[in-house]
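J.: what shape does this take:
(2 chains)
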Amino acid sequence: MRKIGTALLIVVTAAALTACTGQNNAPAPTPSASSTGPIYPDLDQFTPAPEGLIDEDSGETHGPRPVPTWDDESRESATAAAVAVMTAYARPDLPFEQWWAGLQPLLDNKATQDYAYMDPARIVATSVTGPAVITDDTSAYVAFVDVPTNAGTYGVVLSRADADSPWLAGRFILPEGVN
Amino acid sequence: MAAPKGSAAYAIAAVPLLIVGSLFGLLLMGEDECGPSAGNGGSSVSIDPASVPETEIAGYGHEQLVNAAYVMQAGKDLGLNARDQTIGVMTAMGESSLRNIDYGDWETGGVTNPDGTRTTSIGLFQQQDGWGTREERLDPYISSTKFFNAMTTKVPDRESLEPTIVAHRTQVNADPYHYTKFWDGAVQIVEGLSGVRTGLDSGDGSASGGACEGLLPGEVSAEGWASPGAGPVSSPYGIRVHPIYGTQRLHAGTDLAGGGCDGPIWAAQDGVVTFRGFDDAGNGTISIDHGGGVTTRYLHMYDSGMLVQTGDKVKAGQQIARVGSSGESTGCHLHFEVRVNGENVDPAPFMAEVGIQLGQ
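T.: The predicted structure follows:
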């Protein structure tokens, strides 16, 4: 059941990505490429790395990583994660240390660097006021989610390493005119 | 080609034309100054605020350009380089649109600080009371000097940080990425006013966007895929046996020389960036989901050499990074991985199937 669902979604995702070919800011691709879109090889011909080996670079143990899909569970977890991280962020009343202790575990590596110099007092939102909405689901690893607050609608960019990993926030996109 | 003799006298009469003409002359002259020393922002650039021409750069008019000239002058007098000066101009663009605003958000919108007090931010950098007297904050040169002094104190490691992050850590504004969209115009203004090509890339707001050669597009195969980096292959995919302990480890990707340090790294295929940062072993890593169950990963970049953000949509052959040597690496190279349905495969035969011979 799950395998079939996965296969279907992969086809849909591939089609969606293919459809994007030919948009702007492409760095001058060769003419032959822009007309047809990318060709994917038959994936069955490639042998996956054996399980249990230690990775030379990362030190992690190799094994299957569950590939995420946009099923109901994923959508619910993405919107829930967006509301959770927005709720932790929208606390201008907290001193930095307390604010950061609540927020940082919900941030990805890059956001942990970039939001560590914030003064939470500068944040104008103080509460989530409605349901979160996924606005871009091009990749099942990345979710763009709009979260309504008392200070306008914030965007949150979330990502996950695989289907079993938590959604982490990479960025808060502020409402127009807020800085 | 041969101009009539009378044209010189005519140009002298037309003073504004002459000024614009000399500006372009300087711009052309500056073309030759691009070299290795110009990287990382190079040395200070200067313009006398009193000699700013009646022109428009990046949509900013004379009054705003004069203010930019004060910012540049303050940076120069502190011995800061062109990159720092450009960060100053960018910050003032993001704070005040380069207008010396003499009223605060309280007067216009009743904006208060979190503790209920009236906001008092004024001037090019929208500085509040704590930054200085009202007169100081409304003096473009003095307010710029105060900004730069705060920047050099608060952000000593700024050469390795994106310009917007440098500005954010100085201003402590609400959005670390607020200033990104002003970088392009700031580079144009600094180069246009000074007549010097700084080596800064107006289209590259990354921390390493100071190299003279800008971003390079890669070549895309007939199958629609691109080589991730230049060859040769320095280490192929495969299982390695530790020479002493006899334990097995997987080299899960193909190592490419990639043109050495700062060489261009290209997205192998259209896709969405799903990770940009460091893994637990300190490897600077970018991951891209191409759909169809295929993801690619690019390792060992420095933070400053990662040019895309999580969520960005990239195209095959788009430059996404510069070759580095972070994490488990002893020299600059690109480690390139292909994952199929979540599991690593040998990138060489995979890429060969889509018209790319890795290493060539």
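J.: need the pLDDT of residue A:178.
T.: Per-residue pLDDT puts residue A:178 at 82.
J.: wait, doesn't it sit right on residue A:124?
T.: Yes: because the distance of 5.8 Å satisfies CB atoms under 8 Å, residue A:178 is recorded as touching residue A:124. Where you see a C-beta, it was placed from the backbone N, CA and C, and this is true even at glycine.
J.: tell me where the model's unsure across chain B.
T.: Across chain B, the ranges flagged by pLDDT under 70 are B:1-42, B:104-118, B:210-213.
J.: center of it - which residue?
T.: Geometric centre of chain B, nearest residue: residue B:205, 2.2 Å, by CA atoms, centre = their mean.
J.: you'd agree that residue is in a helix?
T.: No: with DSSP: H, G, I helix; E, B strand; the rest coil as the criterion, residue B:205 is coil rather than part of a helix.
J.: excluding chain neighbours, give the residue nearest to it in space.
T.: Nearest non-adjacent residue to residue B:205, counting by CB to CB, 6 or more residues apart in numbering or on different chains: residue B:183, 4.1 Å away.
J.: what's the local residue count around residue B:66?
T.: If you count neighbours by other CB atoms under 10 Å in any protein chain shown, residue B:66 ends up with 18.
J.: which stretches of chain A form helices?
T.: Remark: helices assigned in chain A by DSSP state H are A:2-19, A:31-36, A:72-89, A:96-103, A:109-114.
J.: the last one near chain B at all?
T.: Right, the one you point to is helix A:109-114. Yes: if you take CB under 8 Å from any CB of the partner chain as the test, helix A:109-114 does meet chain B, through A:109, A:110, A:113, A:114.
J.: checking residue B:170 next. Helix, strand or coil?
T.: Reduced to three states by three-state DSSP, residue B:170 is helix.
J.: what about the helices in chain B?
T.: So, for chain B - with DSSP H - the helices run B:6-13, B:15-30, B:62-77, B:82-96, B:105-109, B:134-137, B:140-154, B:163-171, B:183-194, B:347-353.
J.: pick the most buried one from those helices.
T.: Mean neighbour count (mean count of other CB atoms under 10 Å in any protein chain shown) peaks for helix B:82-96 among the helices of chain B, with a mean of 27.
J.: quick check: bridge partners of residue B:299?
T.: According to DSSP bridges, the residues that bridge with residue B:299 are residue B:285, residue B:335.
J.: what about it, how many neighbours?
T.: Residues within reach of residue B:299, counting by other CB under 10 Å, total 28.
J.: and it, how far from residue B:306?
T.: In this view, residue B:299 and residue B:306 are 11 Å apart by CB to CB, to the nearest Å.
J.: try residue B:74
T.: From residue B:74 to residue B:306 the distance is 31 Å (CB to CB).
J.: what about the nearest residue to residue B:227 once chain neighbours are set aside, neighbour count?
T.: Nearest non-adjacent residue to residue B:227, counting by CB to CB, 6+ apart: residue B:356, 5.1 Å away. Look at residue B:356: counted by other CB under 10 Å, it has 23 neighbours.
J.: which residues touch the closest residue to residue B:289 other than its chain neighbours?
T.: Excluding the flanking residues, the one nearest residue B:289 by CB to CB, 6+ apart is residue A:139, at 4.2 Å. By CB atoms under 8 Å, 6 or more residues apart in numbering or on different chains, the contact list for residue A:139 reads A:13, B:271, B:272, B:274, B:289, B:291.
J.: wait, residue B:230 sits on residue B:263?
T.: Yes: between residue B:230 and residue B:263 there is a contact under CB under 8 Å: 6.0 Å.
J.: how many other residues sit next to the closest residue in space to residue B:235 that isn't next to it in sequence?
T.: Spatially, and ignoring its direct neighbours in sequence, residue B:235 is nearest to residue B:255 (3.9 Å; CB to CB, 6+ apart). Residue B:255 is flanked by 23 other residues according to other CB under 10 Å.
J.: residue B:334 is in contact with residue B:255, correct?
T.: Yes: Residue B:255 lies in contact with residue B:334 (CB under 8 Å); the separation is 7.1 Å.
J.: thinking again about what came up before, including distance to residue A:93, could the helices of chain B go into TSV?
T.: Shown next, in TSV, are these (distance: least, CB to CB, whole Å):
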stretch	distance to residue A:93
helix B:6-13	64
helix B:15-30	51
helix B:62-77	35
helix B:82-96	25
helix B:105-109	20
helix B:134-137	28
helix B:140-154	24
helix B:163-171	22
helix B:183-194	33
helix B:347-353	50
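J.: for residue A:50, find the nearest of these.
T.: The minimum distance between residue A:50 and these falls on helix B:347-353, with 16.5 Å, by CB to CB.
J.: for the closest one, give me every contacting residue.
T.: For helix B:347-353, the surrounding residues in contact (CB under 8 Å, 6+ apart) are A:41, A:45-46, B:225, B:227, B:233, B:236-237, B:253-254, B:268, B:296, B:336-338, B:340, B:357-358.
J.: those residues in strands, which ones?
T.: Members of the contacts of helix B:347-353 lying in strands (criterion: DSSP state E): B:233, B:254, B:296, B:336, B:337, B:338, B:340.
J.: and the closest residue to the fourth one other than its chain neighbours, what is it in contact with?
T.: Going back to what we said before, that points to residue B:336. Counting by CB to CB, 6+ apart, residue B:336 lies nearest to residue B:228, which is 4.6 Å off, once chain neighbours are set aside. Applying CB under 8 Å, 6+ apart to residue B:228 gives the contacts B:256, B:265, B:266, B:267, B:268, B:296, B:298, B:334, B:336, B:358.
J.: next one: phi and psi at residue B:228?
T.: Main-chain torsions, residue B:228, degrees, to the nearest 10: phi -70, psi -20.
J.: ok, it to residue B:271 distance?
T.: Applying CB to CB, the value for residue B:228 to residue B:271 is 12 Å.
J.: again, but for residue B:248
T.: For residue B:248, the distance to residue B:271 - CB to CB - is 31 Å.
J.: the two: who's more crowded?
T.: Using other CB under 10 Å, the more surrounded residue of residue B:248 and residue B:271 is residue B:271, with 28 against 14.
J.: the more buried one touches residue B:287, doesn't it?
T.: No: contact criterion CB under 8 Å: residue B:271 and residue B:287 do not qualify, at 9.3 Å.
J.: any shared contact partners between the two?
T.: By CB under 8 Å, 6+ apart, the residues touching both residue B:271 and residue B:287 are B:295, B:296.
J.: coming back round to it: shared neighbours, residue B:299 and residue B:306?
T.: residue B:284.
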